[in-house]
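> Dropping the sequence and predicted coords here.
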Amino acid sequence: MNEALVIEAVELTKGYEEGRIAALTGMSLAVRPGEFVGIVGPSGCGKSTLLHLIAALDRPDSGLLRVAGHDLAHEPDLSHYRAQHIGIIFQLHNLLPSLTASENVQVPMFELGWRGRDRDARARELLGLVGLQGREAHRPTQLSGGERQRVAIGRALANDPRILLADEPTGSLDSQAGGMVLDLLERVRSERGTTLVLVTHDAGVAGRADRLVHMLDGRAIEEGPSLRSATLAIAG
Amino acid sequence: MSFATLVLRNLVRHRMRSVLTMVGIGVAITTVISLGAVTGGLKTSSQELAHIGGADFMVAQKGAADMTFSTLDGADLVVVRDVEGVERAWGGLLLVSRVGSNPFFFTWGMEPDALAGMKLELTSGRLPAGGDEILLGDAAARSLGIAPGDTIELEGHRFTVVGVHQASARLEASGGYAPLTAVQEAARKPDVLTAVHVVVVDGADVAIVKRDVENASTRFAAISTADDYAQIDQGLELLDAANLAISLLAIVIGAIGVMNTMIMSVFERTREIGVLRAVGWRGSRVVRLVMGESLALCLLGAVFGILLGVGATRLVTLVPAIGSVLAPTYPTSLFVRAVVIALGVALVGALYPAIRAVRLSPMEALRHE
């Protein structure tokens, strides 16, 4: 067990449909605090499953998964773990359509025991951070795709998470909106020291990570610095 | 945003479905309120019959299927009068007949001296002194448009109205008092009494005198409360049973409606529930969300049902035939019962949907299309 790691996965396996579908077949991963790790690989290689296990949306069948000091295979209260440590961004924004942008950002805060006034203030602050000041009262249908995803990022930051998990966050956006979302994620990560794990099959997106993990058939087959970080390292 | 706002937003999202569910609950509550008010009113009217003329209780024939079938006679009156603690007792024959549009015109036949002892509050005319004379209640005089000097017909017998009195009891106000022999003749029940009304001596325990009267004859049932009526009239008990059965049916239908709505709501929002779990919501909070929506629906339905129930019952009592015998009662307990039922329907209706919602794994829920 390495205390310096915020995410430590060792020989993780996960199957579905009584083991007929093997999503992870021995995946190992180590992520340091504040790192930006890109997980890449073809469809069905297990990227999203890995992300969902880290988010504690499911438990591994075997192997060790230790995140933010929690052994997720045996963690008794996964909801509490998610509420305290994890911010998650989906490919589709998954905003609640009946709520305004501000209200969507406030949703995770209910579990943190914050009072109404504090929730409002925090949501306003986060929407300002993602560049949506003045749009607090807009519903998802009144926002563009990029704006919706930025609200989703605001929501993911509501609990000031140690780890931000992003599953194809730009997958449903055009390149300009996708670029803005990535800029925002990078800024959040650098300003707050948040660990960012991003799943993508877009090489352009993956290139912005510090480190890339290539997956195939449920395991990591290659790991190394991204092209940009390698370039920066050489230039530096 | 408060948690309640979140609950209400979900209801507003499907306005029509929420309104229809609320109306369904409302109709169930309307049934509870209306039947409760009517049953309570009938019980009150019946109870008032036992206390006319300031009587402490009334003695009737035990086991009679209906109050009007109770058959006592002069000898029974003597037995009652001889019971210790009885200060005054008088017999009466109750004749229920159609008068004008009122099919339940209650005429008590009583001896003129008994009528004099009843301290009736006359608003015009005088008490019947004998023969075919009748004293009308104020509501009866008003609805029939009759004043002293006019006549009315009871079972083919013509009675002359000699006075009008003001009565607080509904059946008394919409009926009349006539001499006993004249009513016995009209009812073709010579020497028959329906009941004996009793005033106990000052300081006597009414319950003890009631018990002693019942011990004086196996045929006697002493009645002072609506519950005592079960001894002589199963009608009120049947009414209670029917009230309960209909209310239960309405509640079951209401609960099914709520369950249907909440199941649809949970099913449609499966993915959203997955998102809520993914951002850290515990299962208990999701349960609270589902339960909260159900409670809000049912409480709004209860308010609607109570207003509709009171309004509809009041409207029904505007019909003279109903209004003459029935003054609906709205005790606080009736409204409390309605709200408790609404809460029960909400909890029962939301139980399965809530369990379903909380049993969804976040992963499955997020995959739901």
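Sure thing, it's come through.
> contacts and neighbour counts: CA atoms only from here.
Noted.
> For the one helix or strand in chain B whose mean pLDDT sits lowest, enumerate the helices and strands it packs against.
Among the helices and strands of chain B, helix B:320-323 carries the lowest confidence by mean pLDDT, DSSP states H and E, at a mean of 75. Applying 3 or more Cα pairs under 8 Å, 6 or more residues apart in numbering or on different chains; DSSP states H and E, one finds that helix B:320-323 contacts strand B:102-110.
> Closest to the centroid, which residue in chain A?
residue A:165 (1.0 Å; Cα atoms, centre = their mean).
> Please name every helix or strand in contact with the helix or strand following the least confident helix or strand of chain B.
Heading C-terminal from helix B:320-323, the first helix or strand you meet, by DSSP states H and E, is helix B:332-359. If you count contacts as 3+ Cα pairs under 8 Å, 6+ apart, helix B:332-359 packs onto helix B:15-49, helix B:235-268, helix B:283-316.
> Work out the gap between helix B:332-359 and the centre of the chain.
Between the centre of helix B:332-359 and the centre of its chain there are 25 Å (Cα atoms, centre = their mean, to the nearest Å).
> how many degrees apart are that helix and helix B:15-49 in direction?
150 degrees (axes from the mean of the first three to the mean of the last three Cα atoms, to 10 degrees).
> ok, residues contacting the helix or strand following helix B:332-359?
Helices and strands here follow DSSP H and E; after helix B:332-359, the next one along the chain is helix B:362-367. Applying Cα atoms under 8 Å, 6 or more residues apart in numbering or on different chains, the contact partners of helix B:362-367 are A:52, A:57-58, B:270-275, B:277-278.
> for stretch A:18-32, same thing?
A:4-16, A:37, A:44-46, A:49-50, A:63, A:195, A:217-220.
> residue in the stretch 101-250 of chain B nearest to chain A?
The minimum distance from the stretch 101-250 of chain B to chain A, using Cα to the nearest Cα, falls at residue B:250 (32.1 Å).
> Can you give me the neighbour number for the residue of chain A at minimum distance from chain B?
Nearest residue of chain A to chain B, counting by Cα to the nearest Cα: residue A:83, 4.0 Å away. Neighbourhood size, residue A:83 [other Cα atoms under 10 Å in any protein chain shown]: 25.
> burial measure for the closest residue to it other than its chain neighbours, as a count.
Residue nearest to residue A:83 in three dimensions, not counting chain neighbours: residue B:280, with 4.0 Å by Cα to Cα, 6 or more residues apart in numbering or on different chains. Neighbour count of residue B:280, defined by other Cα under 10 Å: 31.
> Residue B:280 belongs to a helix, doesn't it?
No. Counting by DSSP: H, G, I helix; E, B strand; the rest coil, residue B:280 falls outside a helix, being coil.
> OK, contacts around it?
A:79-84, A:108, A:111.
> ditto for residue A:131
So residue A:131 contacts residue A:150 (Cα under 8 Å, 6+ apart).
> What's the end-to-end length of stretch A:95-103?
10 Å (Cα to Cα, to the nearest Å).
> related to what we said a few turns ago, which of the contacts of stretch A:18-32 are buried?
A:5-15, A:37, A:45-46, A:49-50, A:63, A:195, A:217-220 (16 or more other Cα atoms under 10 Å in any protein chain shown).
> Need the per-residue pLDDT for the closest residue to chain A within the stretch 151-300 of chain B.
Residue nearest to chain A within the stretch 151-300 of chain B (Cα to the nearest Cα): residue B:280, separated by 4.0 Å. Looking at residue B:280, its pLDDT reads 89.
> now it: how far from residue B:136?
Relative to residue B:136, and taking Cα to Cα, residue B:280 is found at 75 Å.
> same check, this time on residue A:50
From residue A:50 across to residue B:136, the span is 90 Å (Cα to Cα).
> if you average pLDDT over stretch A:142-159, what comes out?
pLDDT averaged over stretch A:142-159 gives 91.
> err, stretch A:58-74, not the other one
Throughout stretch A:58-74, pLDDT has a mean value of 93.
> Quickly check: it near chain B or not.
Yes. For stretch A:58-74 and chain B, the contact criterion (Cα under 8 Å from any Cα of the partner chain) is met by residue A:58.
> Using neighbour counts, pick out the buried residues of that stretch.
Neighbour-count burial for stretch A:58-74, with 16+ other Cα under 10 Å as criterion, is recorded at A:58-60, A:62-68, A:70, A:72-73.
> Mind giving me the packing neighbours of the top strand by length along chain B?
In chain B, taking DSSP state E as the definition, the longest strand is strand B:86-99. Applying 3+ Cα pairs under 8 Å, 6+ apart, we find strand B:86-99 packed against helix B:74-81, strand B:102-110, strand B:151-154, helix B:180-186, strand B:195-200.
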